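**Q** sequence and predicted structure, then a few things I'm wondering about:
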Amino acid sequence: MATMTKKMKAAVAKIQPGKFYNLEEASALVKEVSTTKFDGSVDLAVRLGVDPRKANQMVRGTVSLPHGTGKTIRVLALVTPDKEAEAKEAGADFIGMDEYLDKIKNGWTDVDVIITVPAAMGKLGPLGRVLGPRGLMPNPKTGTVTMEVGKAVREVKAGKIDFKVDRYGIVHAGIGKVSFSAENLRDNADEVLKTLVRMKPSAAKGAYIKSITLSPTMGPGVPVEPKNA
């Protein structure tokens, strides 16, 4: 095992062993334990009492973070000509159809979110093997396949993120940057947790929120008291 750097040791020492912090304390502490020189991201990991292999226990959805993600989100609007002006006005970074489908076929995926119209989904289907693994495939459930292109672009730019439980039963969500105030991180984390609680599948039995951790890009994770959710 790699030896810990002095900086990492100091960060770990700030976290009391065996202690679970409330969301307010954890949001302040996660800023202190970040060991990067740059403005790192803050990740919220929530382990749920679900079996993701069962369709009726799949947890997937979107949440609008009150204070945004702190990241510049590059949006590609794959739209028909009648929707191009609407996408442009809403702030999409790339707008078009066939030329971008060709670029994606050739391996281009230099965007964070793709928004498209229902009529284009047939053309996107064959690109699933490129877009799927990168989490870029538009989906009606996350609002990225829609006729309301302008609204979808604006929401994504303002901090709407989508999440999906992984095969270990964990939901990961980027909730901001280390430079955010503790209050803003807490508000964003709280919004994700409330959304997850609202989405609890009726088939999930026993404790639903099993553990919550707030972590910086580099640095130890801060355990959050699960009953705060």
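**A** Thanks, I have the structure now. Values in this document were obtained by computation on a predicted structure and should not be read as measured data.
**Q** which ones are touching the closest residue in space to Pro226 that isn't next to it in sequence?
**A** Closest residue to Pro226 apart from its sequence neighbours, by CB to CB, 6 or more residues apart in numbering: Ile209 at 4.9 Å. The C-beta positions use only the backbone N, C-alpha and C, and glycine is treated the same way. Contacts for Ile209 were tallied using CB atoms under 8 Å, 6 or more residues apart in numbering; they are Val46, Arg47, Leu48, Gly49, Leu193, Leu196, Val197, Pro226, Ala229.
**Q** which of the residues you listed are buried?
**A** Buried residues within those, defined by neighbour count using 16 or more other CB atoms under 10 Å: Val46, Arg47, Leu48, Leu193, Leu196, Pro226, Ala229.
**Q** and which of the residues you listed is nearest Asp82?
**A** Minimum separation from Asp82 among these (CB to CB) is found for Leu196, which lies at 37.2 Å.
**Q** what pLDDT does that closest one get?
**A** Looking at Leu196, its pLDDT is 95.
**Q** that one sits in which helix or strand?
**A** helix 182-198 (DSSP states H and E).
**Q** swap in Lys210?
**A** Following DSSP H and E, one finds Lys210 within strand 209-216.
**Q** helix or strand right after that strand?
**A** Tracing the chain past strand 209-216, the next element assigned as helix or strand by DSSP H and E is strand 222-224.
**Q** tell me the mean pLDDT over that next one?
**A** Within the predicted structure, the mean pLDDT of strand 222-224 is 96.
**Q** before we move on, what SS does the residue nearest in space to the middle of the chain have?
**A** Central residue of the chain (CA atoms, centre = their mean): Ala173, 3.8 Å from the mean position. Secondary structure, DSSP: H, G, I helix; E, B strand; the rest coil: Ala173 is strand.
**Q** equivalent analysis for Ala204, please.
**A** Ala204, by the three-state scheme (three-state DSSP), is coil.
**Q** and the nearest residue to it once chain neighbours are set aside, how close does it get to Gly169?
**A** Ranked by CB to CB, 6+ apart and with sequence neighbours excluded, the top spatial neighbour of Ala204 is Val50, at 4.8 Å. With distances taken as CB to CB, to the nearest Å, Val50 is found 6 Å from Gly169.
**Q** who has more neighbours out of the two?
**A** More neighbours sit around Val50 than around the other of Val50 and Gly169, counting by other CB atoms under 10 Å; the figures are 22 against 18.
**Q** tell me which helix or strand that one sits in.
**A** Secondary structure assignment for Val50, by DSSP H and E: no helix or strand.
**Q** that one and Lys164: what is the separation?
**A** 12 Å.
**Q** name the residues contacting each of these two.
**A** Listed contacts common to Val50 and Lys164 are Met58, Val59; contacts here mean CB under 8 Å, 6+ apart.
**Q** the chain: helices as residue ranges?
**A** According to DSSP state H, the chain carries its helices in the segments 6-13, 23-32, 84-90, 98-105, 121-124, 128-131, 149-158, 182-198.
**Q** who wins for proximity to Ile114 among the ones you listed?
**A** Of all these, the one in closest proximity to Ile114, counting by CB to CB, is helix 128-131 (7.1 Å).
**Q** contacts for that closest one next, please.
**A** Residues outside helix 128-131 that contact it (CB under 8 Å, 6+ apart) are Ile104, Lys105, Gly107, Thr109, Ile114, Leu124, Met137.
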